[in-house]
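Visitor: sequence below, structure please.
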Amino acid sequence: MHDTRPRWAWAFPAVLVVIVGISLVADLSLLGFDGAVFAGHDKALHFALYGACGLFAVAWFHRRRAVAIVAVVATLVLLEELSQGLFPHRSLDLLDAVASIAGVIAGGAVAHGLRR
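Guide: Below is the predicted model of the structure:
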């Protein structure tokens with residue numbers, strides 16, 4: 001069976017590794033992580049990182065409806081953000097969730113347009 005997935009979709013696994021890596025470093029306070037290093041850029045980084053996730057997820061699962069893929073990714077992103085309240089050195093920030101979900105939607109829309 002021939003894979004019609006666009007080549008650039010193969011960045012999706014790398015984006016997942018980056019997201020999981022950042023989450024583990026932050027959640028477990030590994031490597032002396034200090035969130036203050038992102039001060040002033042936090043929301044833009046949420047938008048960009050999760051926007052990349054939405055972009056490459058829609059491309060990766062190219063045979064599925066883009067809206068469904070974006071809905072699943074946005075739900076997982078929201079759950080990840082909500083889980084931060086379970087860690088003593090992290091905090092739940094609904095504006096982070098909004099920026100992340102907006103990124104997923106924007107990235108998914110771009111991928112949907114590119115795959116047409």
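
Visitor: could you use CA atoms for every contact and neighbour count after this?
Guide: Will do.

Visitor: could you say which helix or strand holds V25?
Guide: helix 11-27 (DSSP states H and E).

Visitor: so what does that helix touch, helix or strand wise?
Guide: Applying 3 or more C-alpha pairs under 8 Å, 6 or more residues apart in numbering; DSSP states H and E, we find helix 11-27 packed against helix 42-60.

Visitor: what about 10 Å?
Guide: In terms of contacts (3 or more C-alpha pairs under 10 Å, 6 or more residues apart in numbering; DSSP states H and E), helix 11-27 is packed against helix 42-60, helix 66-83.

Visitor: deepest-packed of the ones you listed, please.
Guide: Comparing these by mean neighbour count (mean count of other C-alpha atoms under 10 Å), helix 42-60 ranks first with a mean of 23.

Visitor: now that one against helix 66-83, angle please.
Guide: 140 degrees (axes from the mean of the first three to the mean of the last three C-alpha atoms, to 10 degrees).

Visitor: and helix 42-60, what's its mean pLDDT?
Guide: On average, the pLDDT along helix 42-60 is 95.

Visitor: residues of the longest helix anywhere in the chain that come out buried?
Guide: The single longest helix within the chain, with elements called by DSSP state H, is helix 94-114. Under the neighbour-count criterion of 16 or more other C-alpha atoms under 10 Å, helix 94-114 has 96-112 buried.

Visitor: any idea which residue sits dead centre in this structure?
Guide: The residue lying closest to the centre of the chain (C-alpha atoms, centre = their mean) is Y50, at 2.7 Å.
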